[in-house]
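>>> give me the fold of what follows.
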Amino acid sequence: MRGGVVLLWSAIATIVLVTIGVFGTLFATGRITFSLTSAPVATVAPTADPVLDTSYKVTILNATPQEGLAGTMSDTLVAAGWSADDITAGGAGSEDFATTTVFYSDAADEGAARGLAEAIGGAAVELSDAYAGLWGDETVKQLVIVIGLDRTDAG
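So this is what the prediction gives:
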């Protein structure tokens, strides 16, 4: 009977020591901590206030199958104060762009992009260098409107 008790205590001691060793190693390597941490707080990135700045050159690309939308959008911009010489309108490489979007290539241009989006009756605004340099000079202040299916008669 005494041999069974010794064996039982030996097994319990082994399990306790192995458990302490495992948790000690995890704690020492930083894989677990015993301190309370606060939950991450979601933050909203600040956006620039819309500014109607007609000094920007604007390229309008119709990315829908409906003809004439780029010309109509150009007329809207001229009525909003842009010079017709500062607007280029044409077709895009695709006809299935979902949402009308104003693209700007420099973070400093966000306010002007938001102002342009308001001037055309609302649009998404996105920072992208995909259209940078369309006017032949990357220093020219420019914005690009890609007309989406949401502006078609069917949209």
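>>> I'd say Trp82 and Val58 touch.
Yes: Trp82 is within contact range of Val58, at 6.3 Å (criterion: CB atoms under 8 Å). Bear in mind the C-beta positions are built from the backbone N, C-alpha and C, glycine included.
>>> neighbour count: these two, which is higher?
Val58 (25 against 21; other CB atoms under 10 Å).
>>> packing partners of whatever helix or strand the more buried one lives in?
According to DSSP states H and E, Val58 maps onto strand 57-62. If you count contacts as 3 or more CB pairs under 8 Å, 6 or more residues apart in numbering; DSSP states H and E, strand 57-62 packs onto helix 69-80, strand 87-91, strand 142-147.
>>> helix, strand or coil: sort out the residue nearest to the spatial centre of the chain for me.
Against the mean C-alpha coordinate of the chain, by CA atoms, centre = their mean, the closest residue is Glu126 at 6.8 Å. Three-state call for Glu126 (DSSP: H, G, I helix; E, B strand; the rest coil): strand.
>>> is it true that it touches Ala107?
No: if you go by CB under 8 Å, Glu126 and Ala107 don't touch, sitting 11.9 Å apart.
>>> three-state assignment of Leu8?
Going by three-state DSSP: Leu8 is helix.
>>> any weak-confidence spans in this structure?
1, 34-46, 135, 155 (pLDDT under 70).
>>> how many neighbouring residues does Arg114 have?
There are 20 residues near Arg114, going by other CB under 10 Å.
>>> could you pull up the residues touching the nearest residue to it once chain neighbours are set aside?
Leaving aside its chain neighbours, Arg114 sits nearest to Pro50 (3.8 Å; criterion: CB to CB, 6 or more residues apart in numbering). By CB atoms under 8 Å, 6 or more residues apart in numbering, the contact set of Pro50 is 111, 114-115, 117-118.
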